[in-house]
Structure formats: C-alpha cells, structure tokens
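Q: need a structure here:
(2 chains)
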Amino acid sequence: MNKPANNLRNAFSTIGKSVKREDVIEKVTGEGVYVADLKPVGMLYGKIKRSEVAHARIKRIDVSKALAYPGVKAVLTHEDVPRVLHYGSPHPRSVSCTKDQYILDDKVRYWGEGVAAVAAISEEIADEALDLIEVEYEELPAVFTPEEAMKPGAPQIHEVGPGGNLVLDPVRVERGDVDKGFAEADFVLEGEFSGGRPMPGYMEPNVCLADWDGSGKLTFWTSTQSSFMVRGILAEVLGLPRTKVRVLVDHMGGGFGAKQDCFQHEFLCALLARETRKPVRMEFTRCETFLAGRSRHPFKLWLKQGFRKDGTITARDMRIVFDSGAYGSHSPGVTTVGTNSATSLYRCENVRLDGRAVYTNTPIAGAFRGYGVVQTYYALDIQMDEAAERLGMDPADLKLKNAVREGDIAPSGHAIVGHGLEACIEHGTRVFDWKGLRQGARCPDPAASHVRKGWGLGCEMHGSSAYPGIKEQGNALIKVNEDGSVTLMTGAAGLGTGAHTALAQIAAEELNMPFESVSVVHGDTDAVPWDIGAFASHTTYLVGSATRMAAAEARAGILRRAAEKLQTTADALDMVDGRIFLRASPDSGLTVAEAMGPTPGIPSANILGRGTYEPTKSYSFAAHFVEVTVDTETGLVTVDRVVPVHDVGKVIHPIAAAGQIEGGIQQGIGHTLTEDYIIDTETGRSLNAGLVDYKMPLSMDMPDIDTVILEAAPDPGGPWGAKGVGEDPIIAIGPAIANAIHDAIGVRFHHYPITPEDILNALNEKERQS
Amino acid sequence: MKQIVELTINGDPQSLAVEGHRSLLDTLREEAGLTGTKKGCDVGDCGACTVIVDGQPVNACLMLAVEAQGRNVETVEGMQQSIDILHPLQDAFMRHGASQCGFCTPGILMMARKLIEENPDPSDDEIRFGLSGNICRCTGYTKIFDAVRSAAAEIRAVRAQEETV
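A: Model (predicted):
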C-alpha cells in the first residue's frame, strides 16, 4: 500500500485547527476512568516491602507473621515468584535492551527496591503486614556514583553485562579526523559538565489492577505508555501466550517517558492476583514514585571543541557517563541517542564521541522526556555560548552560522530533510527583540543594583521517532459504520497529550469527513492493532501516518460502495465533508450513511481501512529565548519570560502542540533550577522523595510564555509534514536559562540544577578572585 | 470501628459508615463512589484532591471523614450546572487546552471556582497565587491561566446581563 502523497493544499478542513479534544469532557467532569478509580467486587490491595539497605544479599526472609495477620491473603518473596531474567525496557525490535532484572531476587541493588509483596483486604492491613515481614540482609559494599563504580576492583552490581559495572559496551562514534580538526583550530574550549537526577513527576502515581478469569486469562489495567510491551513481557515472564494477557488503559495521568518500563510492581500485582484468585490493585504512594519510578540519568560530560576565528567548529571530542542506577532500564537507548546527538545541532565534520552507562546502587534511571539529549545539548549549547563570548560574537549569530542544515548527516546517520533551526533562531531573534534587549542595562533599577537581568538563547533538535535504535511500526484500523461514522482503532496511549484527538483529526482530514464523525477506540490490547508505545515524540508522526493510510483505504472503500449504489465507478465520485457526489454533477449525491446502510438487494457494507507505517527519521527544531532576573543577594533566579520558537512541520492541533511546549518548559525550568532527587552518597538512601522537598515549578514560578510554532520544515515522512513536539521543549530551555544567568551575572555554570546556593558561592568566588 | 457520618455531597444527603482514621478523600473515592477527586500524594502537597467543604477549599486527603459530619461537601462531580450544561470553567478548560492528562484538573477546577466566586475579576497574579497549592505537571499552567481568565470574564458577562434584565 502506498502512502498518500503530501500534496500541498491551501485549505485543510480539520488539521491545523484546535478542535475540542475528544477525551477532555471526561477529564473536566471527573468521569474519566483512571486505573485507581476501578474497584471490582472482592478486590484486594497490594503493597510492596522495600529494602532498607542499598546493596545486600537476602540471608533470610520470614513472612510467617505477615501471613498470619488477619486480613492478609498472600505474601510473595523471591522464593515464590518465577525466576526469569528479563528486560526492564523490552522494546520489541530494539537493538538496545538489557536483560538484568528478576521479579524479585535474593539480592537487593538499591535502597527502596522491592523485596516482598503483600495482598490484603484493606490498604491499612497490607501496610501493617509489611512491617511484620522480617528480612535479614548480608550487606555488600555499595557504590553510589559512576566514578566509584568504574574504579578497578569496585563491587560488581550485576553478573550480566560487559563488566566493570557497565550496562553496555561503550557507544563510540567517530566522523572525520578529529586530531586534524583540532590542529586547524584557532582556539580550543574544553569543559566538564554534569547534571542531577530529575524526576518526571507525573501526577498519577503508578497503579495497576490484575484480575484472572477461570480460563487462566489475565486482565491487567495499568497506567502505561506501552500496553503491548507490558502484554509481551508479562506473557513472557509468566509463561503465557499473548492471548492470555489483556492489557487495558483508558485515561492515564501523565508518563513523560517513564511509564514505558514494565515495572516490578506490575509483575507482583499479577502474581498476587493469581495466588489469591481475587482482583488485586496496587497503587504507588507518592514516595514510591521516586523510589520505584524512573528518573532522568544523572551525568558527567567532558566536551572539547576547536573553533576558527570566523566561528567555524573544526573538531568536537566528547565523553559522557550516564548513571543508570541499579538496573539498565533504558540506559542502552539513552546512551545511544544521547551520545549520537552530539554529532549534530551545530555542524562539525570531525567528531569523536564516547558514551557509557554505569550501574550504581541508586534508584533506576529510565526513559524521561529528552532521552539523553537533554544532557548532551545542555553542554553543547553552553559551550557555543562560551565560544561566542570568546569570539566577541552575538551567540545567536554564532548558533545561526553553525546551525544544522539540509543534507547534513543527522545523529541517526541519515541526511537531514527539513531544517528548521535557522528559521527558529531568526524568527525568535526578531520577536524577542534579542539584539535590543542584550544592549540594555543588566541593572534596570539603579536603586536595586543587586537585581540583575540577563537574556539567553538555547537551541535543540530532536527526532520524531526512535529510528534507527528501534525499528518502529505504526498501525491503525478504521472501521466504517452503517450510520456514516467511522471508528479509529489505535494502540497509541493517551498520556494526556491529546494524541487521540490529533489522530482523529488526521483520519477526518484524509477521509474528508467531519471531525465529529470520527470516534477513537484505544487502550485494549484485545481490540486494537499492535502498537509500539507512545514515546520518542512519534505518535503524531508515526501513528498519524498509519492513520492517514488507513483513512485513505477506508475512503476508497466508501467510494466503491457508493459507486455500487449509484451504478457508476468509484473514480467518477468525490467526497467532500462527508458528502459523496458525482464529479460531473456535484449537486446530486448521497451521504456516507446512505452509501453504507443496507438497501434492498445490497446489505450493509464491511469496510475496513488498514494502515501500517514504518518510518525512518525526521527532526524537529527549537530555539528558546529567555529572560531571567538574578537576585545577587539571595541567589534566587526567576525566569521572567520565554519565547519558545519551534519548528514542528505541519501542526495538527495548535493548542495541544503549544501545551506540549509550555509543559516541557515547566519541567525544564525545574531540572535547571530546582529539581534534583538526591541520594545520600554514604548510605544510598533517598533524601527528598516527596513533593515538598523535591521542588517542581508551580503556578507562581512560571514565566510568561509566548509560544511560537513555525511550520518551517514539513517532513515528508509525517502526515502532511507533521513532526514531533513532545520532547523538544525540555531540551532547549535548560541551556537558555544557564546562558541567561551568565548574561546577567557573568558566571558560567556547567551543571544543573543551578541553585541559589550555587549562585551565591559563585558570586563570592568571583569577588574573591577580582 | 466504623461510625456513621452524615454529610451532604453535591447536594445529596449521604450517610456513610467509615472508620475513624479514614480520610475524606478515601471516603469520597471508596465509600461514596466519587472517583473524580484524585489522589496525587495523600499528604497535602499536590492539591489534586481539592474539594469545597462549607464553602472552603480543602485538601480532602488531610481531612478525616468524621470531621465532615454535618457539613456540605462539593466535588467536581457536582460542578456542572445541569446534566447538559458544563460550568463555564469546565467549558473554558476544554476550549483552552487547560487539561492534558487531567489528573490535576478536578482539584484545579474546584480551586478556580472558589477563586472566581471570591474574586470575579482576578488579575494574573491573583490567579497564580490562587492556584499555587495545585500542582499541574503537564501544561506549564499557561493554558490554565487562559481558561480561568476566560471563564471569569464569561461569568461576569452573564451576571452583567442578568443585572440589566
């Protein structure tokens, strides 16, 4: 089946319009069903006993008191569960997975890891039973930083893997001749960068509900971005055929990438339900979303670049070490994507990169919006700012000069098709009044000389798919109903992005039928086509393309059916806005309902459109322009204003796209200034696993955001040129803020979060040196 | 031991048997079947469980059900003006894209309703301050501010029209 051509049309009927999201009515009325809202009759409550040491062998685990506690129905330890080594992130068809987990092991690898699970008739009883489980540990030496973990003779956390606590073999990328490039440089910049452990902070704590029927089939509701992946790995580890596992998810309260793993509690919930022959629901506390959720990878990075006097980059040498925590999870993907990203954004022919992920006895790092690229582009963009300073150039001019162009080899190894970065920088420079502002005073109020202003620019590019790391496949089915409506069946998860609405818009546009005639069925692995999961900013691009193909096939079927009824041929017909007519006489025609419904002699039709799309790669681009205020007495940084300029190709739903950008900025401000999940480097304990001590930006902290969406570089691989948008904003905002802080106070920071304490210490140091 | 708590929820008199330690949040969700109010943290940090008790916004996770004895509780399920007509805030949240994953939405709607009732024409800073106890992690708040402003203006316009009639 051929993909419909991206024929340029001046007017679109549905895409490009902010139609009412099909799922939001349920969200504003409280009727939307999230997994924690389900309570089947006889349901039990599951809870997990968590380790209080960071690295140990379990010598003895005694559950007799817990089992005897009234109301407790089952207790599971490592002795009771299948011992199958499995992936945390088993992306099908991915080259980069790590099998390093058991459901429960006789070993614990971080403080907070699950060691046993309880099912009881109430949450309180389950909680109390956890305290009755006695665990005797034989403590093992632990390592809490990659530096310690990589030392020769360091305690080994896993028996699997290449050794030396590496999760995977180093990712090495080499293009051109780096040594020659440095030899040709007029000057060289070299710096070390690092970043903390930000959490996704989704509002809905992880939750699942398991129920087995009499035939041995598991029905499993879970808050996941990847329901087919959960089905696959549950089936594999529990030894079931895929048809005996049905995964359901309707509404979910955010994921931001982290709800892509198959989590320990998901296996345990399923096993507790099988053991008790009752439905079991397991819901994380907020604290557990930290202990057992997934963070962004903390990192250390060394970056050296050579520059000519005209601003050309002659060579780039980078090494990055990601802290994977106790398990591999997404480390192979993050390391590959993050390391490769440094080949691009700013052009350089001579590149040498080395990326590693290292096990430590800390909570697990996984997938989180930005996927390794947040870290590398933070360093790369800040160093570009330093180069501009050294050259006496405007940073926007230097970044524009070096911006990735059409035909350049992208991080994926493919030639860049559309290049929107120049357009983003140029447009933003104008609308932000970049040059004018940067000429202004850094101390706008002479009476308050401790309050300084600064302006910064940060740039990024990010793929709208995980290709080539994962060979993705988007699928869609469209069923035409006898009343003239259509049903789109998709496995794409609704994290909250509005993806289902965008897909319905795409279907309506290709069908050339009203948006209201499309309804969406999703979230049931028994009913919808296989889906790879909602991640990598790819749903609109990937599943959108498949949806468009399915819609084209359904439309052709509708026209064939109408032709039968009108006793003509399908190519004599057209359909506009759901009305079918003869091209030769547009005034006469029939509705889709009339075409589809049964008439004497012709039964109702069975028309199904199918779409399958396997993408390569497209890139979206962004430039963020930021104004900050730095109070040099308190060290407080306030982000006052952001103008994010994004090229997302053809925009399908402008308000939803802007919502992605603004939300990404919120999370990015967080990891740049205030958010860091802190693990005690003596004991491995979590020090701030809660929403008071882990400080996310709230309503009072948010800047004015004037979002600009350009359709500068539509990609032929996406529906009408649409590309991804989900991850881009969180990548650009960090370096923009760091660069703006430098502009305000003349201090460079190479790490995040940049706290008030860091600001004050740096200002004191600066004063001492001068 | 369970005790009977008599209270009004969204205008309906209810008599619920609850244990003394049960929070109002768990009682609404598990006993009254009103799952629109969400549990984001259960310790009063996130605002997802905001409900209105006797006219005051409350984190339902921090209030015991027995404390609600004889009181009037309003949740998101009671927000609609009628079965067909949304509250202007609900409608504005839909139009402006103020709800993404939707998990914080019921709490923010309740808080915003209270805000607009007390202050029909809030400034941007007053909206920010009014919602400072409610965490939204999806939207960056921009669209929420847009929706609250828009709903407040709509409510003012309707009132002005009613007054002239």
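
Q: Of all the residues in the stretch 251-400 of chain A, which one is nearest chain B?
A: residue A:253 (3.1 Å; C-beta to the nearest C-beta). Where C-beta positions appear, they are placed from N, C-alpha and C, glycine not excepted.

Q: which residues of chain B fall in strands?
A: Ranges of strands in chain B, per DSSP state E, are B:2-9, B:12-19, B:50-53, B:56-59, B:72-74.

Q: Following element in sequence after the helix ranked longest in chain A, please.
A: Using DSSP state H, we find that the single longest helix of chain A is helix A:544-566. Once the chain leaves helix A:544-566, the next helix or strand it forms, by DSSP states H and E, is strand A:573-576.

Q: State the mean pLDDT of the helix or strand just after that following strand.
A: Downstream of strand A:573-576, the first helix or strand assigned by DSSP H and E is strand A:579-582. Strand A:579-582 shows a mean pLDDT of 96.

Q: and what of stretch A:207-220?
A: 98.

Q: touching chain B at all, it?
A: No - for stretch A:207-220, no contact with chain B is found by C-beta under 8 Å from any C-beta of the partner chain; the gap never falls below 9.6 Å.

Q: What are the contacting residues of stretch A:166-186?
A: Identification of contacts with stretch A:166-186 by C-beta atoms under 8 Å, 6 or more residues apart in numbering or on different chains yields A:96, A:98, A:100, A:161-162, A:188, A:304, A:306-309, A:314-317, A:324, A:328, A:331-332, A:335-336, A:339-340, A:342-343, A:348-359, A:409.

Q: from the chain's centre, how far out does it sit?
A: In this view, stretch A:166-186 has its centroid 28 Å away from the chain centroid, taken as C-alpha atoms, centre = their mean, to the nearest Å.

Q: what about it, start to end distance?
A: 37 Å (C-alpha to C-alpha, to the nearest Å).

Q: which parts of it are buried?
A: A:166-168, A:171, A:173, A:178, A:181-182, A:185 (16 or more other C-beta atoms under 10 Å in any protein chain shown).

Q: cool, stretch A:690-708 as well?
A: A:690-691, A:694-699, A:701-703, A:705, A:707-708.

Q: To which secondary structure element is the closest residue to chain B within the stretch 551-700 of chain A assigned?
A: Residue nearest to chain B within the stretch 551-700 of chain A: residue A:662 (3.3 Å; C-beta to the nearest C-beta). According to DSSP H and E, residue A:662 maps onto helix A:654-669.

Q: So which of the contacts of stretch A:166-186 sit within helices?
A: Per DSSP H, these map to helices at A:331-332, A:335-336, A:339-340.

Q: would you turn those residues into TSV with neighbour count and pLDDT?
A: Below are the ones in helices among the contacts of stretch A:166-186 laid out as TSV (neighbours: other C-beta atoms under 10 Å in any protein chain shown; pLDDT from 0 to 100):
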residue	neighbour count	pLDDT
A:331	34	94
A:332	24	92
A:335	29	95
A:336	24	93
A:339	27	97
A:340	24	96
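
Q: Chain B: helices as residue ranges?
A: Counting by DSSP H, the helices of chain B are B:24-26, B:88-96, B:105-118, B:124-130, B:142-164.

Q: what do you get for the stretch 451-600 of chain A?
A: A:499-511, A:544-566, A:592-596 (DSSP state H, counting those that start in this stretch).

Q: hang on, the earlier thing: which two of the buried residues of stretch A:690-708 have the greatest separation?
A: A:690 and A:708 (36.2 Å; C-beta to C-beta).

Q: Just the element for the closest residue to the residue of the stretch 251-400 of chain A closest to chain B other than its chain neighbours, please.
A: Excluding the flanking residues, the one nearest residue A:253 by C-beta to C-beta, 6 or more residues apart in numbering or on different chains is residue A:204, at 2.3 Å. Taking DSSP H and E as the definition, one finds residue A:204 inside no helix or strand.

Q: Measure how buried residue A:204 is and give me the count.
A: 28 (other C-beta atoms under 10 Å in any protein chain shown).

Q: do residue A:487 as well
A: If we define neighbours as other C-beta under 10 Å, then residue A:487 has 16 of them.

Q: For residue A:212, see how far away it is.
A: Distance, residue A:487 to residue A:212, using C-beta to C-beta, to the nearest Å: 29 Å.

Q: right, and residue B:128 touches residue A:703 too?
A: No - using C-beta atoms under 8 Å, residue B:128 makes no contact with residue A:703, being 11.1 Å away.

Q: list the contacts for the residue in chain B positioned nearest to chain A?
A: Nearest to chain A, among the residues of chain B, is residue B:36, at 2.0 Å (C-beta to the nearest C-beta). Neighbour list for residue B:36: A:29-31, B:75-77, B:106 [criterion: C-beta under 8 Å, 6+ apart].

Q: Please apply the same query to residue B:115.
A: So residue B:115 contacts B:122, B:126-127, B:130-131, B:148 (C-beta under 8 Å, 6+ apart).

Q: Over to residue A:673. Which of the three states is it?
A: Three-state assignment for residue A:673 (DSSP: H, G, I helix; E, B strand; the rest coil): helix.

Q: Now for it, how many residues are close by?
A: Residue A:673 is flanked by 27 other residues according to other C-beta under 10 Å.

Q: That one and residue A:637 touch, don't they?
A: Yes - Residue A:673 is within contact range of residue A:637, at 5.7 Å (criterion: C-beta under 8 Å).

Q: which neighbours do the two share?
A: Between them, residue A:673 and residue A:637 share the contacting residues A:737, A:754, judged by C-beta under 8 Å, 6+ apart.

Q: ok, now which ones touch the residue of the stretch 451-600 of chain A found nearest chain B?
A: The minimum distance from the stretch 451-600 of chain A to chain B, using C-beta to the nearest C-beta, falls at residue A:496 (2.8 Å). By C-beta under 8 Å, 6+ apart, residue A:496 lies in contact with A:252-254, B:100-103, B:138.

Q: What does the pLDDT read for residue B:4?
A: Confidence at residue B:4, expressed as pLDDT, is 97.

Q: Check the one 5 residues further on too.
A: pLDDT for residue B:9: 98.

Q: Same question for residue A:3.
A: pLDDT, residue A:3: 48.

Q: can you check residue A:90 too?
A: Confidence score, pLDDT, at residue A:90: 66.

Q: Just say which of the strands of chain B is most tucked in.
A: For the strands of chain B, the largest average neighbour count (mean count of other C-beta atoms under 10 Å in any protein chain shown) is found in strand B:50-53, namely a mean of 24.

Q: burial count for residue 164?
A: By default, I'm working from chain A. 14.

Q: wrong one, chain B
A: Count around residue B:164 with other C-beta under 10 Å applied: 6.
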